[in-house]
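Colleague: this one's structure only:
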């Protein structure tokens, strides 16, 4: 058995937030304030939706390596062991999956009834994530985008309908609470 925890202890959350702050997240601009404020809101929303603690922590750390939609990173990929030590191997793998998603290649592959092929933007490799990982990815995606849209009306108007159309076919992979939030926040402008 690995000595690396698969889930961080709840008291580790303050250490994780300190890590993010020390890496510059509290000084990095992001819709709704700073990147750190955004990350905390995403994690809280995931907790409200009742997702597993490892997914909540992955949501808190989802931009550590940057994302396809937010280039700045807090940690170089060569230093993944640092994040693994802090949040555990399983949770870091979810952070990596989210950060590595090549959205232009992966998003069109998200269709109901089939497991999509993901493209890793760092390695250009294609992979099929396990269903639990896909569910975590989609929960983090929904929480992330809803928070961005709530704090930036222009982005909401420009990309909200497309995000709804992206998530609607795979809604069975989202928790009921996540789908309800997507439907409530994005559905009315998208269902026309």
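Modeller: Cool, the structure landed. What you see is a predicted model, and the numbers here were worked out from it, not measured in a lab. Residues are numbered from 1 along each chain as shown.
Colleague: what are the buried residues along stretch 37-51?
Modeller: Across stretch 37-51, burial judged by 16 or more other Cβ atoms under 10 Å covers 37-43, 45-46, 49, 51. (C-beta placed from N, C-alpha, C; glycine too.)
Colleague: show me which pair in those is furthest apart.
Modeller: Maximum pairwise distance in these, criterion Cβ to Cβ, is 20.0 Å, between 37 and 51.
Colleague: what's the helix or strand for the spatially most central residue of the chain?
Modeller: By Cα atoms, centre = their mean, the chain has its centre lying nearest to residue 140, at 3.3 Å. According to DSSP states H and E, residue 140 maps onto helix 131-151.
Colleague: if we can go back for a sec, could you dump the buried residues of stretch 37-51 to TSV with secondary structure and distance to residue 97?
Modeller: Formatted as TSV, those follow (DSSP: H, G, I helix; E, B strand; the rest coil; distance: Cβ to Cβ, whole Å):
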residue	secondary structure	distance to residue 97
37	helix	23
38	helix	19
39	helix	16
40	helix	21
41	helix	21
42	helix	15
43	helix	16
45	helix	19
46	helix	15
49	coil	18
51	coil	15
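Colleague: and these, which is closest to residue 87?
Modeller: For the buried residues of stretch 37-51, the residue nearest residue 87 by Cβ to Cβ is residue 43; the value is 11.6 Å.
Colleague: thought the closest one was touching residue 53?
Modeller: No: using Cβ atoms under 8 Å as the test, residue 43 is too far from residue 53 to be in contact (10.0 Å).
Colleague: for the protein, what spans make up the strands?
Modeller: Taking DSSP state E to define them, one finds strands in the chain at 29-30, 33-34, 118-119, 126-127.
Colleague: looking at these, which is closest to residue 174?
Modeller: Nearest to residue 174, of all the strands of the chain, is strand 118-119, at 17.0 Å by Cβ to Cβ.
Colleague: which other helices and strands does that closest one contact?
Modeller: helix 103-106, strand 126-127 (3 or more Cβ pairs under 8 Å, 6 or more residues apart in numbering; DSSP states H and E).
Colleague: okay if I get those as a markdown table plus mean pLDDT?
Modeller: Putting the helices and strands packed on strand 118-119 into a markdown table (pLDDT from 0 to 100) gives the following:
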| stretch | mean pLDDT |
| --- | --- |
| helix 103-106 | 94 |
| strand 126-127 | 95 |
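Colleague: before we move on, the earlier item: next, format the buried residues of stretch 37-51 as a markdown table and append distance to residue 102 and pLDDT.
Modeller: Listed next are the buried residues of stretch 37-51 as a markdown table, based on distance: Cβ to Cβ, whole Å; pLDDT from 0 to 100:
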| residue | distance to residue 102 | pLDDT |
| --- | --- | --- |
| 37 | 27 | 97 |
| 38 | 22 | 97 |
| 39 | 22 | 97 |
| 40 | 27 | 97 |
| 41 | 25 | 97 |
| 42 | 21 | 97 |
| 43 | 24 | 97 |
| 45 | 25 | 97 |
| 46 | 23 | 97 |
| 49 | 26 | 97 |
| 51 | 24 | 96 |
